[in-house]
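Participant: here's a sequence, model it:
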Amino acid sequence: MMSTSFLPTLVFLLLAAVGYSAENNTTQEAKKYRLAIITGSGEWSIPVQSGWYDECQRLDVSCRHYKDLHLETDDFNLTDAYDVGDKHYCLTILKHLIREGNFDAIAARCPYRQDMPPIFEEAKEKGIPIAVFSGPHEGLGPYNTYVGTSHEHMGRTVARLLKQLRPEGGTYLATYNDGTSAARFHGFKEEIEKDNNRNDKPHWTEAPINYTELFPGEQASPLPYIGPYPGWDPNGYRGITRMGYDGIPWFLEKFAEANPTAIVFLYQYPMRHHNYTDIVEKYRYKKISYIGVDGTADSLNFMAENYVDGLVGEQTHLMGVMCARTLYKILTEGADSVPVEVPTKLINYNLVPDELPELVVDQSLLGDLKYIGLVCFGIVAVGVLACIVWILANRNSIVVKASQPYFLVLTAVGVLVLGSTLIPLSFDDNGEGITESYAKGICMSIPWLGFSGFSMTFSAMFAKTWRVNQFFNAKNAMARRIRVKERDVLIPLLVIFTLNTIVLICWTLIDPLMYVRTFSDGTDLWNREIASIGRCLSEDGSLPYLVSLGLINFVVLGIACWQAYEARDISSEFAEAKYIATTVFSLAQGFITGLPIVAVTTDHPETFYLVLTFLVLVFGVCLVVLSLIFIPKVWMQRRYGKMSVADQRKAMMVSVRVSSGMSAVGPGLGSTAFSGIQSRTVGLNNANTPERLDGVYEDGAADLPNASNGDNAPKVAKLVELHVISSYVE
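Facilitator: Prediction:
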């Protein structure tokens with residue numbers, strides 16, 4: 001009895017379980033997202049659809065193509081009516097899917113029109129994100145995204161492809177419609193004509209053609225023609241579709257008869273005409289290059305059969321994938337999870353010619369500029385030789401003797417060595433290979449000559465000024481005969497020169513500079529290197545050696561400045577303190593101005609060379625030293641040359657007084673000015689010239705007349721002056 005009553009209950013429970021399971025499955029199915037896509041009907045859309053369905057299957061969402069929906073209204077069948085480029089039908093389908101399709105998200109490729117933003121707004125209100133791909137995407141809202149390429153970028157890519165195929169430049173004619181192809185034309189024209197203001201680049205211009213004749217207006221059109229749209233410019237419009245399919249051959253023939261270098265199709269429509277290949281054959285003798293913007297199988301077949309020379313296509317399969325992926329991410333993670341634009345890349349196809357265009361490599365040669373450096377060296381050499389000849393010719397004059405001719409010659413030779421750096425600096429390999437020894441010799445001669453000449457010049461100036469200071473600053477200069485020979489002050493000069501030489505030898509032996517030619521970044525359109533630069537480089541870097549040499553010579557420069565400061569009160573007959581100071585100031589100014597420019601122009605040989613030649617070497621050092629050290633001497637020699645021997649002696653005595661701080665010597669000499677000075681005054685009155693003062697003074701001689709005696713003061717002053725002059729000019 002109980003078993004019989006239990007059977008209906010068991011059946012009821014089983015039916016309830018089955019019903020629950022079915023209801024649960026229905027609920028799960030209802031949660032599965034439904035996506036729809038609207039593409040064109042051409043071959044271009046096939047890989048888009050393939051990518052769309054592949055990604056939908058991976059994401060496990062329901063995806064439909066508009067053609068599978070058999071959409072109909074009271075007036076027409078939308079599926080049958082829609083074709084690529086028809087604004088009305090595409091947007092009508094989009095609105096239908098938004099209002100009646102029961103889809104969670106939609107991807108569409110619709111040409112832009114003014115009522116597109118309201119459609120986006122309506123979709124947003126219903127919570128339906130829209131991904132626009134490939135086509136125009138103005139007016140996208142925060143709940144929409146664009147998947148595809150930048151069409152201006154696509155136009156620029158077409159222009160670069162044309163430059164690659166026809167590097168000589170020429171004329172072009174381009175076909176485009178409104179919307180995406182108009183954006184492509186804008187990028188194309190901007191890129192293809194950007195170098196027209198440069199004389200070193202090939203020029204591209206639009207071939208002369210009367211577009212008003214091609215599009216005279218709806219009534220006068222020789223072929224079926226749909227009238228101009230609002231804002232239509234007959235001189236700027238290239239839309240073959242406006243003439244109808246049958247007008248394409250006539251239009252293309254007009255283009256070919258204009259004799260352009262290239263005809264560019266910025267949308268696929270003209271290449272789809274069945275007479276396209278016949279027209280290409282008809283005008284093949286004109287050697288016109290044809291470039292399209294389609295990567296479909298038909299277009300690639302045209303390329304294989306030599307009916308088009310280049311193609312720029314889109315990643316259509318990836319476009320479909322990204323549409324499905326982007327919409328799914330918006331639905332699951334929100335609108336903020338994806339950018340407004342999701343870019344895809346372009347694909348470039350071109351025919352490689354049997355003979356590539358001649359490769360022109362910019363080797364960054366100095367060319368004729370090298371003669372500027374050689375002429376500058378000639379100027380420096382002539383100036384140095386003139387100074388040395390002047391020194392030798394006037395070596396017995398009191399001015400040259402007081403200026404220490406040995407050090408003047410050493411200074412001039414240092415300038416010549418420094419200036420000779422311009423010879424290896426002007427080297428050019430003419431883009432040809434050179435031997436390793438020659439490459440090393442050319443480059444290492446630059447620091448050898450430069451630093452050796454610099455140290456020689458300023459060491460000589462330092463030694464010369466130091467010797468002057470030894471005479472005029474000695475505390476017991478009047479008590480005993482002072483003799484500071486040239487060899488005494490050559491020791492610091494040799495030390496400095498030796499330090500420079502040690503560093504240069506280490507540099508030469510360990511990691512010498514080598515002249516190498518390296519290729520710069522960038523290639524031509526056939527991936528060939530187009531620019532190289534020759535320069536001197538060390539394998540492990542030259543910075544340690546440059547820093548060492550810089551410190552050594554900076555110390556030399558600093559000591560020369562200090563000695564010049566110490567000699568600031570000594571007359572210019574003996575020292576050139578103010579001229580040395582001016583030289584150092586000019587040198588610093590040249591370095592401060594020139595070295596930063598040199599640092600930033602190492603990759604621009606012409607600028608680097610000119611700055612180093614003029615600001616640093618020639619006008620920065622060589623000519624400044626020659627001018628400020630020797631021109632005052634020449635002027636002073638001319639002034640002294642007009643005097644008698646007695647007047648020269650008197651003038652030199654005045655300089656001694658000023659330089660020794662004895663301007664008061666004479667009638668107003670202080671009583672203790674020369675107290676304690678011991679010397680013999682034998683033959684003082686007969687010493688008419690400094691050369692005759694030898695033997696006048698002897699160490700340990702009789703006492704000098706007391707300077708406190710007013711009668712002896714003038715004699716003491718004269719004795720001191722002649723003593724210093726005699727000691728100094730020997």
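Participant: what are the boundaries of the strands in this structure?
Facilitator: For the chain, the strands defined by DSSP state E occupy 34-38, 62-65, 105-108, 130-133, 144-148, 170-175, 204-206, 262-265, 289-292, 310-314, 341-343, 346-350, 514-519, 532-537.
Participant: return the most buried member of those.
Facilitator: strand 130-133 (a mean of 27; mean count of other Cβ atoms under 10 Å). Any C-beta I mention is one placed from the backbone N, CA and C, and that applies to glycine too.
Participant: which other helices and strands contact it?
Facilitator: Applying 3 or more Cβ pairs under 8 Å, 6 or more residues apart in numbering; DSSP states H and E, we find strand 130-133 packed against strand 105-108, strand 144-148, helix 316-333.
Participant: who touches the shortest one?
Facilitator: Identification of contacts with strand 105-108 by Cβ atoms under 8 Å, 6 or more residues apart in numbering yields 33, 35-38, 52, 90, 93-94, 97-98, 123, 128-133, 147, 323-324, 327-328, 330-331.
Participant: low-confidence bits of the stretch 201-350 of the chain, can you list those?
Facilitator: Regions of the stretch 201-350 of the chain meeting the criterion pLDDT under 70 cover residues 210-245.
Participant: related to what we said a few turns ago, nearest to Tyr609, out of the helices and strands packed on strand 130-133?
Facilitator: Nearest to Tyr609, of all the helices and strands packed on strand 130-133, is strand 144-148, at 49.2 Å by Cβ to Cβ.
Participant: run the angle between the closest one and strand 310-314 for me.
Facilitator: Here strand 144-148 runs at an angle of 150 degrees relative to strand 310-314 (axes from the mean of the first three to the mean of the last three Cα atoms, to 10 degrees).
Participant: which residues sit against strand 144-148?
Facilitator: For strand 144-148, the external contacting residues (Cβ under 8 Å, 6+ apart) are 107, 120, 123-124, 129-135, 137, 140, 314, 319, 322-323, 326, 330, 338-344.
Participant: which one of the strands of the chain lies closest to Phe451?
Facilitator: Nearest of these to Phe451, taken as Cβ to Cβ: strand 532-537 at 14.5 Å.
Participant: the closest one packs against which elements?
Facilitator: helix 436-472, strand 514-519, helix 605-611.
Participant: next, the angle strand 532-537 makes with the shortest one.
Facilitator: Read it as strand 514-519. 150 degrees.
Participant: re the thing from before, mind giving me JSON lines with the helices and strands packed on strand 130-133 and columns for distance to Lys254?
Facilitator: Converted to JSON lines, the helices and strands packed on strand 130-133 look like this (distance: least, Cβ to Cβ, whole Å):
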{"stretch": "strand 105-108", "distance to Lys254": "35"}
{"stretch": "strand 144-148", "distance to Lys254": "32"}
{"stretch": "helix 316-333", "distance to Lys254": "31"}
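Participant: how many residues are close by Val547?
Facilitator: Number of residues near Val547 (other Cβ atoms under 10 Å) recorded here: 11.
Participant: next one: Pro208
Facilitator: 10.
Participant: that one against Pro260, yeah?
Facilitator: No - contact criterion Cβ atoms under 8 Å: Pro208 and Pro260 do not qualify, at 9.5 Å.
Participant: so where do the helices sit in the stretch 351-500 of the chain?
Facilitator: For the stretch 351-500 of the chain, applying DSSP state H, counting those that start in this stretch gives helices covering 370-393, 398-402, 405-419, 422-425, 436-472, 486-510.
Participant: with adjacent residues omitted, what lies nearest to Arg64?
Facilitator: Excluding its sequence neighbours, the residue lying closest to Arg64 (Cβ to Cβ, 6 or more residues apart in numbering) is Ala36, at 5.0 Å.
Participant: so what's Thr344 up against?
Facilitator: By Cβ under 8 Å, 6+ apart, the residues touching Thr344 are 147-149, 314-315, 318-319, 322.
Participant: residue contacts, the residue lying closest to it once chain neighbours are set aside?
Facilitator: Sequence neighbours aside, Gln315 is the residue nearest to Thr344 in space, at 4.5 Å (criterion: Cβ to Cβ, 6+ apart). Gln315 makes contacts with 344-347, as judged by Cβ under 8 Å, 6+ apart.
Participant: and these, which is closest to Thr607?
Facilitator: Comparing the contacts of Gln315 against Thr607 with Cβ to Cβ places Leu346 closest, at 36.9 Å.
Participant: contacting residues for the closest one?
Facilitator: Shown in contact with Leu346 (Cβ under 8 Å, 6+ apart): 149, 153-154, 157, 312-315.
Participant: now those as TSV including distance to Ile533?
Facilitator: Shown next, in TSV, are these (distance: Cβ to Cβ, whole Å):
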residue	distance to Ile533
Thr149	36
His153	31
Met154	34
Thr157	29
Val312	33
Gly313	37
Glu314	38
Gln315	37
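Participant: hmm, Tyr267 is touching Ala174, no?
Facilitator: No - judged on Cβ under 8 Å, Tyr267 makes no contact with Ala174 at a distance of 10.2 Å.
Participant: hey, what's in contact with both of those two?
Facilitator: Counting by Cβ under 8 Å, 6+ apart, no residue touches both Tyr267 and Ala174.
Participant: those helices in the stretch 151-300 of the chain, which residues are they?
Facilitator: Listed in chain order, the helices of the stretch 151-300 of the chain (DSSP H, counting those that start in this stretch) span 151-165, 180-192, 211-214, 248-257, 276-282, 297-304.
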